[in-house]
Each structure stands twice: as C-alpha cells, then as structure tokens.
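K.L.:
sequence? don't have it. structure:
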C-alpha cells in the first residue's frame, strides 16, 4: 500500500475511534461475495483487512452468508473452507435469509456493536451509508479500499462536537456540513519554489525617475536641507570676517 493511502486510512480509523468508540481488534463482517473474490484472486483476506484498517482485525461471518456459499455447490468448496476459518457471528435467523438482509439486520440502525462491513454488494453499501459510523470495505480491481465516511457519519460527529461545546439543537441544523478529513480535498498544481526562482532584473535605457510620489518628496526635502546648510555656512563666514576686521582696526595715537 502506498504511503499516502495508508496515511488517509489511518486518519479515517482515528475518526471512528475518537468519535464513535471503535477499538482493536476491529470486528469485520464479511459477506459471501467478498470471500469468493478473495479465494479467486488469492488474496489473504485477514492480512489485507489489517493493512487497510491500520490495526488488528477479527474477521467474522454470519450463518446466512455461509448458507449462500453452500447453495453455490461444490465448486465453492475452497471459499467455504475460508469462511469456516472466520469467527461465526450469530444472526438469530431461524431460516436463512439473503446475505445483504442478514448483514443489515446485524448492523441495525446505530451499529452499536461497532462492526466494519466488508462487502461487494452495491445495494447494501448504499443502505449502510445512511447509517452513521459504519466503515465499509470493498475490492476494486483486486485492490481493497476503505470508503470515506458518509455524510450521515459526519453529521452525527458534528452534532456531538457542537453539543459538547454547548450549542443549541436549532443552531446545529443551520450549520453547513464540513468534511473533517483533508485527505479528500482536491489539490491543484503546485507553483515553483520561490527560493529557486531568479529575481527579475529591470533594465532602464533612460534616466531613472522616481516610481512614486514618495521618492519625489524625499528628493525635495534633501534639496531644502542642503540649501539651509549652505545658508548657515555663509552666515557663519560673514560673522568671522566682521570679527577679523574689527580686531585689525588701527588704534588712535595721542598727540
């Protein structure tokens, strides 16, 4: 698994742990189709689940899902053998029902037992997205993927945070939904490193002129300052000359 994807999955599971109380080993409910694809693609299901969820896992399967594999005949015997290695989750169904319905009933409306669902069924995944705090894992082109949190999950998380801060329920409904995971934020092209970019050299052909009024004001001030200094020097020289002439005047001779 690539480092970027592993970091994203680690953040997702951290969200489920901190906000909804998930703990290791994660209880993963696997359906019949997931077991079949894992057998055909020679995927170590338990190892891959641990890699995707970034922690230890406990694969589980219901009796109804195993019954689906039995109905497919002896051709699925390797898949049945794999399913038997997983922990059996009691679904309390006296008669076997379809696997999607069985998993949906086990999860319930709140997923209070904190299950992670590993399934390839599109209808079941769409149904589970309406239930808060249900991590969903599926396989796409022999790559196991952990889906981002659903809008319902983020909504419940946001409400819990605002209630902890003391916000009123009426204010919670007005607040826009925000995704806390920055991993799903679209990134645009990066610009060049400003330290490696050469500074532009401005070449002038004529006499340089001040670019703003600030330069003109400063030049006028400097000119006035120089004129004042010249006047002060001239005044000082005149005083010195007067003193010199006064000291060198001849004294009158007595008769």
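P.N.:
Arrived safely. Treat the numbers as computed from the prediction; the structure is a model and nothing was measured.
K.L.:
Only C-alpha atoms from now on, for both contacts and neighbour counts.
P.N.:
Fine.
K.L.:
quick one: the helices in the stretch 51-200 of the chain?
P.N.:
In the stretch 51-200 of the chain, the helices defined using DSSP state H, counting those that start in this stretch lie at 63-71, 77-84, 99-107, 122-128, 151-165, 169-174.
K.L.:
Just tell me which of those helices ends up closest to residue 230.
P.N.:
Nearest to residue 230 among the helices of the stretch 51-200 of the chain is helix 151-165 (72.3 Å), distances taken as C-alpha to C-alpha.
K.L.:
Please point out which parts of that closest one sit buried.
P.N.:
By neighbour count on 16 or more other C-alpha atoms under 10 Å, the buried set for helix 151-165 is 151-160.
K.L.:
next one: stretch 33-53
P.N.:
33-39, 45, 48-53.
K.L.:
Quote the end-to-end distance of it.
P.N.:
The first and last residues of stretch 33-53 sit 20 Å apart, counting by C-alpha to C-alpha, to the nearest Å.
K.L.:
pLDDT below threshold where in the stretch 101-250 of the chain?
P.N.:
167-188, 204-225, 244-250 (pLDDT under 70).
K.L.:
Strands along that one, start to end?
P.N.:
Here the stretch 101-250 of the chain has its strands, by DSSP state E, counting those that start in this stretch, at 115-118, 136-140, 143-146.
K.L.:
Report the strands that pair with the second one, each with its relative direction.
P.N.:
The reference is to strand 136-140. strand 115-118 (parallel), strand 143-146 (antiparallel) (DSSP bridges).
K.L.:
got those strands as TSV, with distance to residue 124 and mean neighbour count columns?
P.N.:
Shown next, in TSV, are those (distance: least, C-alpha to C-alpha, whole Å; neighbours: other C-alpha atoms under 10 Å):
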stretch	distance to residue 124	mean neighbour count
strand 115-118	10	24
strand 143-146	15	17
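K.L.:
Make CSV out of those and add distance to residue 126.
P.N.:
Below are these laid out as CSV (distance: least, C-alpha to C-alpha, whole Å):
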stretch, distance to residue 126
strand 115-118, 12
strand 143-146, 14
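K.L.:
between these, which one is nearest to residue 165?
P.N.:
Closest among those, using C-alpha to C-alpha: strand 115-118, at 28.4 Å.
K.L.:
Show residues contacting that closest one.
P.N.:
With C-alpha atoms under 8 Å, 6 or more residues apart in numbering as the test, strand 115-118 has contacts from 26-31, 34, 107, 134-138.
K.L.:
with the buried residues of helix 151-165 in mind, which one is nearest to residue 130?
P.N.:
residue 152 (6.0 Å).
K.L.:
And the closest one, how close does it get to residue 110?
P.N.:
From residue 152 to residue 110 the distance is 11 Å (C-alpha to C-alpha).
K.L.:
residues bridging contact with these two, i.e. touching both?
P.N.:
If you check residue 152 and residue 110 against C-alpha under 8 Å, 6+ apart, the residues they both contact are 131-132.
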